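1. next come a sequence and a model predicted from it.
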Amino acid sequence: MKCLRCGYCCKNYAVIIVDDPEKGIAEDNLILHEGNGTPCKHLRGEEGSYSCALHDYPWYKDTPCFAFTQVEQKDSLCRIGVYMQKIKEK
């Protein structure tokens, strides 16, 4: 899936995230990001160019965020991102 960097998932999905990136994945370093429209504390940038401050850490591949995908092939555009772009155009 190709992320369109709309920020929707990082603002609206409840997911367990790493609190302090320097500590990495550890039982006492995991917190719940509740979503509800509030951006994840690691979200950087602005709509259309959002990025995650954790992507370059070696442990990122073991997070729920890394595992997020959709049924289509790897090269398909994110359906949520496409939808959010259409809403913005209206």
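-> Perfect, I can see it now. Everything numeric here is computed off the predicted structure, so don't read it as measured data.

2. tell me the secondary structure for the residue nearest the centre of the chain?
-> By Cα atoms, centre = their mean, the chain has its centre lying nearest to residue 10, at 4.2 Å. Here residue 10 is helix, with the state taken from DSSP: H, G, I helix; E, B strand; the rest coil.

3. could you check how far it is from residue 58?
-> 21 Å (Cβ to Cβ, to the nearest Å). C-beta coordinates here come from the backbone N, C-alpha and C atoms, glycine included.

4. now do the lengthiest helix in the chain: distance to the chain's middle.
-> Criterion DSSP state H: the longest helix present in the chain is helix 79-89. Computed by Cα atoms, centre = their mean, to the nearest Å, the separation of helix 79-89 from the middle of its chain amounts to 16 Å.

5. just the strands in the chain please.
-> For the chain, applying DSSP state E gives strands covering 15-18, 30-33, 43-44, 51-52.

6. relative to residue 62, which of those is closest?
-> Nearest to residue 62 among these is strand 15-18 (9.7 Å), distances taken as Cβ to Cβ.

7. any low-confidence regions in this protein?
-> For the chain, applying pLDDT under 70 flags the ranges 72.

8. count the residues that sit near the closest residue to residue 20 other than its chain neighbours.
-> Excluding its sequence neighbours, the residue lying closest to residue 20 (Cβ to Cβ, 6 or more residues apart in numbering) is residue 29, at 5.6 Å. Counted with other Cβ atoms under 10 Å, the burial measure for residue 29 works out to 14 neighbours.

9. swap in the one 10 residues further on?
-> As a burial measure, residue 39 scores 14 neighbours (other Cβ under 10 Å).

10. any idea how far residue 41 is from the residue nearest to residue 42 when sequence neighbours are not counted?
-> Counting by Cβ to Cβ, 6+ apart, residue 42 lies nearest to residue 53, which is 4.5 Å off, once chain neighbours are set aside. Distance from residue 53 to residue 41, counting by Cβ to Cβ: 9 Å.
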